[in-house]
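Trainee: with the input below, show me the fold.
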Amino acid sequence: MENFYYACLYDILQLPIQHAERRTALNHLKAKFVKLHISGLTRGQIELRTENIFQEKHISLFHLIKRRQRRGQREISEVQDRDHGWQTSARDIWRVFSEHMRSKCRPIQVDEDIVRAMLETGYGCVSDAWREMLEMPITAEELKATVFKADNKKSPGRDGVGRELLKVIWEDVAGDRRTLCTQMLRYGQLSDRQKHGDIVCIPKNARPHTPENYRLITLLNTDYKILAILIAARMRPILAEP
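Mentor: Sure, this is the predicted structure:
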């Protein structure tokens, strides 16, 4: 949601309007920022049944120790490169994983004629009725059903806004969220942050020492994932046709 508000902020700054009108629009947008954060904080505290979970000074010693233990378990302090040498600095560890990802995701040689023939075989055009259904504006009920059907345990991307938080503050952000998803669907307006994914290394065993011992997963932006679920739901009845 912050990505959408930031995009609105840049649009307001570029509009050819009077200074007073621009100031009013910016104040209105600022109020939405404040409302989003305060509402999320307040309702999040009620949902989690604690008053001070967001305040570091009130966290117990037990939770601080557990947090540091988890942080230590997630850190990669050393890794073995292709030459079986051990790398311990952050820069060298980053280099080893980068080289591993480049080799794993490198382009492969394909026969373009075979791919083209495969794409042109057995596929028909979508009917006009189905095309209108796929391109119709997102309804409030459709979007709410998509958000509330999603799993709460999925980790968010860099924006930090998870679907569990959206469910808690839905009444406050439903309208803006619908506008955002409609622009993404109809006009393909996705910011770089919405298309950005954070790669996280999950150990496959108790003592990982090479990049191959890690399972690499990508944490995607919540806006992107919600839109993907919505599009998949629209396409499901079309794919079920013979």
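Trainee: how's this protein carved up into domains?
Mentor: 2-75+125-239, 76-124 (automatic domain parsing).
Trainee: give me the mean pLDDT for the shortest one.
Mentor: Averaged across domain 76-124, pLDDT comes to 83.
Trainee: cool, and stretch 204-223?
Mentor: Averaging pLDDT residue by residue across stretch 204-223 gives 88.
Trainee: which residues touch it?
Mentor: Here stretch 204-223 makes contact (C-beta atoms under 8 Å, 6 or more residues apart in numbering) with 1, 3-4, 78-80, 96-97, 100-101, 155-159, 161-163, 166, 180-181, 184, 193-203. Bear in mind the C-beta positions are built from the backbone N, C-alpha and C, glycine included.
Trainee: one step back: now tabulate the domains of the chain in CSV and tack on mean neighbour count.
Mentor: Output for the domains of the chain, formatted as CSV (neighbours: other C-beta atoms under 10 Å):
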stretch, mean neighbour count
domain 2-75+125-239, 14
domain 76-124, 11
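Trainee: wait, residue 178 sits on residue 146?
Mentor: No. Contact criterion C-beta atoms under 8 Å: residue 178 and residue 146 do not qualify, at 10.8 Å.
Trainee: pretty sure residue 164 contacts residue 152?
Mentor: Yes. Using C-beta under 8 Å, residue 164 makes contact with residue 152 at a distance of 4.1 Å.
Trainee: hmm, back to that, take the contacts of stretch 204-223 and keep only those in helices.
Mentor: Among these, the ones falling in helices (DSSP state H) are 3-4, 96-97, 100-101, 163, 166, 180-181, 184, 193-195.
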